[in-house]
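Colleague: got a predicted structure plus its sequence, pasted below:
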Amino acid sequence: MFGQLRLDNRIALVTGGSKGLGRAMALGLASAGATVFVAARTEEPLQELVTEIEAKGGKADYRLLDVTDEAACIEVVNSVIRDRRRLDILVNNAGAIHRAPLLESNTDDYRHVVETNLISLYVLAREAARHMSERGYGRIINIGSVMSTIARPNISSYAATKHAVAGLTKSLAVELAPMGINVNGIGPGYFGTEFNAPLMADAEFTAMVESRTPVGRWARPEEIAGAAIFLASEAASYVTGHMLYVDGGMTVKL
Ligand SMILES: NC(=O)c1ccc[n+]([C@@H]2O[C@H](COP(=O)([O-])OP(=O)(O)OC[C@H]3O[C@@H](n4cnc5c(N)ncnc54)[C@H](OP(=O)(O)O)[C@@H]3O)[C@@H](O)[C@H]2O)c1
């Protein structure tokens, strides 16, 4: 059974892979045997992560990418395929949040969140699926949020796009299953990443996370890795269209 969780000879691309949850999933996929390409906008953290994975005996490479640049997304998918002759696993992880009350928000900021959290996932999934469908095998994992199913004030662009991630995941799952491509999502709860640094520094918010989460604490970034390994692996061969919430029980608590 544990062999089914191995990812030897698999080629994976993780967007936003240099930090936070992307970094944790990249480390996890590499530890399971995959060759992991990590992609983000800043070179140094990507280089550091590749060095760390290689030092642990894993295989990794990196690509510079701003996921809001459609041409760059297409080129990165193609360059991985040119380099390794295939792409088995796409983790659509890069995301953005903009916090503002509706009445103080503006359309440009809203559009940026939609471009980052939704359009880029569509573009990358489309380009990956072009190739995966020819081979009859693929795994696409979209990173949503607990905001894929619930909401909080002042982040409507984030909640709207993360709900859309769940819709995109289900829609692509039913469309791509006949081509051998499984499409699933992960809905993280509150993880202690750079993304959440302002919230972690806020005692009132931290008290809310601790009381609202049945597990009673912020999650550690490495606690996301198991879900990504599972969904990328043969253990999940009959799992598609699913949102796997890794949220300490937050979304099932009234
Ligand atoms: N942390 C949480 O508690 C939590 C909860 C629910 C959902 N999530 C979701 O999980 C994902 C990752 O969040 P995180 O907390 O790990 O964030 P993070 O710590 O801020 O890391 C973000 C990563 O994405 C990259 N990135 C940001 N914008 C990008 C862009 N336009 N193009 C390419 N790469 C980009 C960053 O590198 P560069 O800046 O160098 O590009 C970095 O590698 C997001 O989709 C987020 O919505 C997080």
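Modeller: Structure's in. What do you need?
Colleague: contacting residues for the residue lying closest to R135 once chain neighbours are set aside?
Modeller: Excluding its sequence neighbours, the residue lying closest to R135 (CB to CB, 6 or more residues apart in numbering) is R86, at 6.4 Å. (Each C-beta comes from the backbone N, C-alpha and C, glycine too.) Applying CB atoms under 8 Å, 6 or more residues apart in numbering to R86 gives the contacts I11, H131, R135.
Colleague: distance check, R86 against A128.
Modeller: Distance of R86 to A128, given as CB to CB, to the nearest Å: 10 Å.
Colleague: contacting residues around stretch 189-208?
Modeller: With contact meaning CB under 8 Å, 6+ apart, stretch 189-208 is reached by 19-21, 95, 97, 146, 209, 213, 218-221, 223-224, 245-248, 250-251.
Colleague: so which of those residues are in strands?
Modeller: The members of the contacts of stretch 189-208 that map onto strands under DSSP state E are Y245, V246.
Colleague: count of residues packed around the residue nearest to G226 when sequence neighbours are not counted?
Modeller: Distances taken as CB to CB, 6+ apart put G28 closest to G226, at 7.0 Å, once the chain neighbours are dropped. Applying other CB atoms under 10 Å, we find 22 residues neighbouring G28.
Colleague: need phi/psi at V91.
Modeller: V91 adopts backbone torsions of phi -110, psi 110, taken as degrees, to the nearest 10.
Colleague: just to revisit the earlier point, doesn't the residue nearest to R135 lie inside a strand?
Modeller: No - under DSSP: H, G, I helix; E, B strand; the rest coil, R86 sits outside any strand and is assigned coil.
Colleague: what strand or helix carries the closest residue in space to A228 that isn't next to it in sequence?
Modeller: Using CB to CB, 6+ apart and skipping the chain neighbours, the partner closest in space to A228 is M25 (4.1 Å). Secondary-structure assignment from DSSP states H and E places M25 in helix 20-31.
Colleague: contacts only, for I119.
Modeller: Contact partners of I119, counting by CB under 8 Å, 6+ apart, are T68, E70.
Colleague: spell out which parts of the stretch 101-250 of the chain neighbour the ligand.
Modeller: Residues of the stretch 101-250 of the chain lying near the ligand by CB under 6 Å from any ligand atom: T116, I143, S145, P188, Y190, F191, T193, E194, F195, N196.
Colleague: greatest separation within those residues: which pair is it?
Modeller: Within these, T116 and Y190 form the most distant pair, 19.8 Å apart (CB to CB).
Colleague: burial of D88, as a residue count?
Modeller: Per other CB under 10 Å, the neighbour tally for D88 reads 21.
Colleague: state the distance from the residue nearest to it when sequence neighbours are not counted to the ligand.
Modeller: With CB to CB, 6+ apart as the criterion, D88 has its nearest non-adjacent residue at 4.4 Å, and that residue is R10. To the ligand, R10 is 21 Å away according to CB to the nearest ligand atom, to the nearest Å.
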